[in-house]
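**Q** Sequence and computational prediction follow.
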Amino acid sequence: MARFKFRVNAWLLGFMLFTRMLPPMSLAPPLFLISQNIGLYDNLLLVIIVYAAVNSPFDQYLLIGFFRVVPPEIEEAGMIDGLTMGSVK
């Protein structure tokens, strides 16, 4: 999102930030029911998955700001050395 310009970048960034504005308690009842149905209730794996899902939009927002200040010359130097956009994952 930082390097490529798409029409939906601003909408996607806004949606990611909107998800951070939801109160965490509004997600608790559906999360409780889902965790009981899939058998992860009272399990540490559920805590890891929830924390990763809840904090991911904020992490991506911070990383977009970081990648925007990285000079494009570094990417160009990597392409000279054989880097392709398909190999960056």
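**A** That came through, no problem.

**Q** Tell me which stretches of this protein form helices.
**A** 9-21, 24-38, 44-69, 72-80 (DSSP state H).

**Q** Compare the mean pLDDT across these and name the weakest.
**A** Least confident of these, judged by mean pLDDT, is helix 9-21 with a mean of 83.

**Q** who does it touch, helix- and strand-wise?
**A** helix 44-69 (3 or more Cβ pairs under 8 Å, 6 or more residues apart in numbering; DSSP states H and E). Just so you know, the C-beta spots here come from the backbone N, C-alpha and C atoms, and that holds for glycine as well.

**Q** The helix it packs on to helix 24-38, inter-axis angle?
**A** 130 degrees (axes from the mean of the first three to the mean of the last three Cα atoms, to 10 degrees).

**Q** Which other helices and strands does helix 44-69 contact?
**A** For helix 44-69, the packing partners by 3+ Cβ pairs under 8 Å, 6+ apart are helix 9-21, helix 24-38.

**Q** sorry, back to before: quick one: closest of the helices of the chain to A2.
**A** Checking the helices of the chain against A2 by Cβ to Cβ gives helix 44-69 as the closest, at 3.7 Å.

**Q** and the angle for the closest one with helix 72-80?
**A** Using the same axes, to 10 degrees: helix 44-69 against helix 72-80 is 100 degrees.

**Q** Give me the buried positions along helix 44-69.
**A** 46, 50, 57 (16 or more other Cβ atoms under 10 Å).

**Q** what about the residue lying closest to the second one once chain neighbours are set aside, how many residues close to it?
**A** If I follow you right, that is V50. For V50, ignoring the flanking residues on the chain, the nearest one in space by Cβ to Cβ, 6 or more residues apart in numbering is L31 at 6.6 Å. Other residues lying near L31 total 17 when counted by other Cβ atoms under 10 Å.

**Q** so how far is I74 from L31?
**A** As judged by Cβ to Cβ, to the nearest Å, L31 and I74 stand 40 Å apart.
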